[in-house]
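Peer 1: structure for the following, please:
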Amino acid sequence: MPRADAGMCGVIRRARRSRITGTGDARPMRRAPLSALAAGVRLLHPSHAAMVWRDVFRWPATPGDSRQHLQATMGWLCRAQDRGGGGGGVSAGYSLLRGWLPPYPETTGYIIPTFFDYAHRTANAEFYARAVRMADWELQVQLPSGAIQAGFYRGNGSSRLPAVFNTGQVVLGWCRAFAETRDERYLDAAVRAGTWLAERQDPDGAWRQRAPETETVVHAYDVRTAWSLLELYQLVDDKRFLDAARRNLEWSLAQQHDNGWFEHNAFFVSAGKWNVPLTHTIAYVMEGLTGAWTCLRDDRYLEAALRTATRLREIFEQRGVLPGEFDHTWSASATYSCLTGNAQVAGVWLRLQRECGDTQFVSAALRLNRYVKATQLLHTANLDLRGGVKGSQPIFGRYTPLTFVNWAAKFFADALMLEEQVAGACTAEAAS
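Peer 2: Numbering: from 1, shown residues only. Predicted coordinates for the structure are as follows:
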């Protein structure tokens, strides 16, 4: 979850502010004069400038068919992989200021299941092969300790610090790659990574670690890493992974307030940064809990996820939009929407409907998916933008400003595939 371009956003934000078209100050990036000039020239590219002004003036867009949006999203992710350096890793995204970014090990890891899912859905072998290439690339960048590095991959000679959350997300990818291919290399790598995670865990079940991407050292969203250990446990039957996952799940449950909000779920503590949870990190927790429930069938995990998901649905129904951040009272001062979080929340709602049968989650998820679809460019001639998903709406919002990020596209593709599955199930049920 790296910081993306923020240098020119303050000027753009002040061009227009409204309930969902601006944000507070973001931390500016320090640039050498020539790189700043290059960034300014890049921003003046007609398709880039049009993207920004579209959000400044809130020009309306009509969403297309969900299958059309899904196809465009997966096409953009393929281009992101092709621009990721040639090794199989997926570029972190496309910046209007810097162009294509380096590959990102963490997000490449959890993109792997999305490509396998889409390959099976479309019977298209290209997506299967691309998922395998991602898994192979992760083998190449795994640290000697078994961990996965924080941040973007810039070569083995660069500073590469291990990160708990990032490691867990790649474990999820390797577990799926092994299940698909039965290639023992993926399982061996996942076991090494899982062993590192188990050994790094504190006695109370939390993982505490300083990382270059965040100021906070302990995170409720690491429950998504606990889920990865459960997936690994189901493949190797090593009780170390089950015990570590359960310890973290107990710690995570203790972080939830009665109103569904989770403590220790923000990236930063400094004023002017993301010092309250984003919908992105809130959804990470719900994903980890629902994934753990699928593995262990402990209803406490499902109930905790349901409590948070229900509160978010109520807010969305009241406001018609999800702000990008929430404090402990579920109050929101953010004047942007986090599209990454929107896609994740829609996916969680659809999974919960499948498990709980609450049709209110379906209607809310369809509306939230439609909101994200309306922000996507399907017909631009610029293939760097076509089918991508911005970090924020508007594009100069606080979360990854001026950038289309691969993890937003991944979660949107997941949500659209779930939408089709749930809609098909509802149609079949109505016809029976």
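
Peer 1: where in the stretch 301-432 of the chain is pLDDT low?
Peer 2: Along the stretch 301-432 of the chain, the parts satisfying pLDDT under 70 run over 426-432.

Peer 1: what segments of it are helices?
Peer 2: In the stretch 301-432 of the chain, the helices defined using DSSP state H, counting those that start in this stretch lie at 339-356, 359-373, 406-431.

Peer 1: buried deepest among these, which one?
Peer 2: Burial of these is given as mean neighbour count (mean count of other CB atoms under 10 Å); helix 339-356 ranks first at a mean of 25. To be clear about C-beta, it is placed using only N, CA and C from the backbone, and glycine gets the same treatment.

Peer 1: so Ala309 makes contact with Trp349?
Peer 2: Yes. Assessed by CB atoms under 8 Å, Ala309 is found in contact with Trp349 at 6.1 Å.

Peer 1: circling back: got the helices of the stretch 301-432 of the chain as JSON lines, with distance to Trp261 columns?
Peer 2: Output for the helices of the stretch 301-432 of the chain, formatted as JSON lines (distance: least, CB to CB, whole Å):
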{"stretch": "helix 339-356", "distance to Trp261": "14"}
{"stretch": "helix 359-373", "distance to Trp261": "19"}
{"stretch": "helix 406-431", "distance to Trp261": "21"}
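
Peer 1: can you give me the strands for the stretch 151-300 of the chain?
Peer 2: 162-163 (DSSP state E, counting those that start in this stretch).

Peer 1: returning to what we had before: to Lys390, which of the helices of the stretch 301-432 of the chain lies closest?
Peer 2: Among these, helix 339-356 comes nearest to Lys390, with 5.5 Å by CB to CB.

Peer 1: tell me which other helices or strands the closest one touches.
Peer 2: Where contact means 3 or more CB pairs under 8 Å, 6 or more residues apart in numbering; DSSP states H and E, helix 339-356 is packed against helix 279-296, helix 299-319, helix 359-373, helix 406-431.

Peer 1: okay if I get those as TSV plus distance to Thr335?
Peer 2: Listed next are these as TSV, based on distance: least, CB to CB, whole Å:
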stretch	distance to Thr335
helix 279-296	14
helix 299-319	12
helix 359-373	15
helix 406-431	19
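
Peer 1: list the residues that are in contact with both of Ala309 and Trp349.
Peer 2: Listed as contacting both Ala309 and Trp349 by CB atoms under 8 Å, 6 or more residues apart in numbering are Phe361.

Peer 1: re the thing from before, wait, which of the helices and strands packed on helix 339-356 is closest to Pro394?
Peer 2: helix 359-373 (12.8 Å).

Peer 1: residues contacting the closest one, please?
Peer 2: Residues contacting helix 359-373 (CB under 8 Å, 6+ apart): 63-64, 66, 69, 309, 313, 316-317, 321-322, 337, 339, 342-343, 345-347, 349-350, 352-353, 389, 393, 412, 415-416, 418-419, 422-423, 426.
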